[in-house]
Every structure is written in C-alpha cells, then in structure tokens.
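A.B. asks: Prediction below, plus the sequence it came from.
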Amino acid sequence: MVNIQIPSSFQHEIFYTVTQIEVDEKTDRQTAALSHPFWYEIAYDNGIAGTPPWQENINQHIKAFMQWWEEHLPFLDECWDERDKEKAAPYMRLGLAHWLCTLFWMNERPVPSAKPEELIAESRQLAHKPINVEERLGFLLEYPNYFHSYLQLKELYTEVKKKEALAKRSRNHE
C-alpha cells in the first residue's frame, strides 16, 4: 500500500475529508481513477501519474467514466426511489467527480480544484460545456445529496456526452 497526499486544492468535504488516501501499488490507474475522485490530478501532483489523460487518450478515459455512470444509474435510481440519500451519497460524489473530469478533460485541461469557487470560475473559460454550467455546477456543489442534484447530474451527463462528441471531432482535426 502506498499513501498519497491529497493536495489542499482537492480537500473539499464533498470529495475528501482526509488529507491522504491509501492505494494498493498493484491497482491499475484506471481502477484507481474510478474509485477515487480526481485520481489523475492528485497522482500528477504527487509525481506518480505518468502522462495525464487530459493530454493523451482522452477518449478512452472519458469512455470509462461514462460507462461507470451508466452502470451505476440503476442503483442510484433505486436509492432515490427509496429516498436513501446516505446510500446514494458515495456514488453521487464519484459521479460528480467523474463528470467534472469529463468536462475539463474534453477541453484538454485538468480539473483545477475541488473548491466550488475555482471550479465555477474555471468552467467559464471552457470552450466545450453544457449551457448554464456555472449555475448548475454551483447547485450541485452546494447540495450534492439532494434528489434534484441527482436529476441535474443525470442531465449534465447526457449533455456532456453530446459536447464530448463535438470536442472529439475538433481534437481529431487538429
């Protein structure tokens, strides 16, 4: 096991309430990224990530996040049908983190921080993004465990999937 320091910019109570995480050295990068919010940004900051996904193989990494979301939708639907936000919370947290990675990576940029004010400010600079992303992101970060946040996140995944197709097309033409 290896201890990895969470940079202060990613120490936000929605995503991390600890200052370090413990990861098995044998865990592959993609599995770690699907299990830990902002894994690549944190690993990159710790000097252990190799080439970051926002610079290379963007499509492959985004596809993994989209598949994760699709696989967990039935479980999240069940949690919200039962009004069990405690059971849904860790999946909402990971789903939001994966969505943020998708949003920034499709713009060939790392997620800058987990701090709401920085995320919202940086999202204004993105070329490929859903409409009103700043307000919607503000709501999600303010109320991550609300049913309406789940509905908003579902919609944002649908929209970012369309935007990613456009972003992929422009990346392939460069």
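C.D. replies: Received the coordinates, thanks.
A.B. asks: Residue 161 and residue 138: what is the separation?
C.D. replies: 21 Å (CB to CB, to the nearest Å). Every residue, glycine included, has its C-beta placed from N, CA and C.
A.B. asks: I meant to write residue 59 there.
C.D. replies: 28 Å.
A.B. asks: again, but for residue 40
C.D. replies: For residue 40, the distance to residue 138 - CB to CB - is 24 Å.
A.B. asks: okay, the two: which has more neighbours?
C.D. replies: residue 40 (23 against 16; other CB atoms under 10 Å).
A.B. asks: and that one, what is it in contact with?
C.D. replies: 29, 33, 49, 52-54, 61, 101, 110 (CB atoms under 8 Å, 6 or more residues apart in numbering).
A.B. asks: how close does it sit to residue 133?
C.D. replies: 21 Å.
A.B. asks: State the pLDDT value of the closest residue to residue 24 other than its chain neighbours.
C.D. replies: Once flanking residues are discounted, residue 24 sits nearest to residue 1: 5.8 Å by CB to CB, 6 or more residues apart in numbering. Note on residue 1: pLDDT of 81.
A.B. asks: returning to what we had before: rank the contacts of residue 40 by pLDDT and give me only the lowest.
C.D. replies: Out of the contacts of residue 40, that is residue 49, at 63.
A.B. asks: and the residue nearest to residue 24, how far is that from residue 102?
C.D. replies: For residue 1, the distance to residue 102 - CB to CB - is 29 Å.
A.B. asks: who's more crowded, the two?
C.D. replies: residue 102 (26 against 8).
A.B. asks: right, and the helix or strand after the helix or strand containing that one?
C.D. replies: According to DSSP states H and E, residue 102 maps onto helix 85-105. Reading on from helix 85-105 to the C-terminus, the next helix or strand found by DSSP H and E is helix 116-123.
A.B. asks: quick revisit: are any of the contacts of residue 40 buried, and if so which?
C.D. replies: Buried positions within these, assessed by neighbour count (16 or more other CB atoms under 10 Å), are 33, 49, 52-54, 61, 101, 110.
A.B. asks: Just give the nearest non-adjacent residue to residue 108, would you?
C.D. replies: Using CB to CB, 6+ apart, the nearest residue to residue 108 is residue 54, at 5.5 Å.
A.B. asks: ok, that neighbour touching residue 105?
C.D. replies: Yes. The pair residue 54 / residue 105 is scored as a contact, 4.4 Å apart, by CB atoms under 8 Å.
A.B. asks: Would you map the helices across this structure?
C.D. replies: In the chain, the segments counted as helices under DSSP state H are 29-35, 39-45, 58-81, 85-105, 116-123, 133-142, 147-172.
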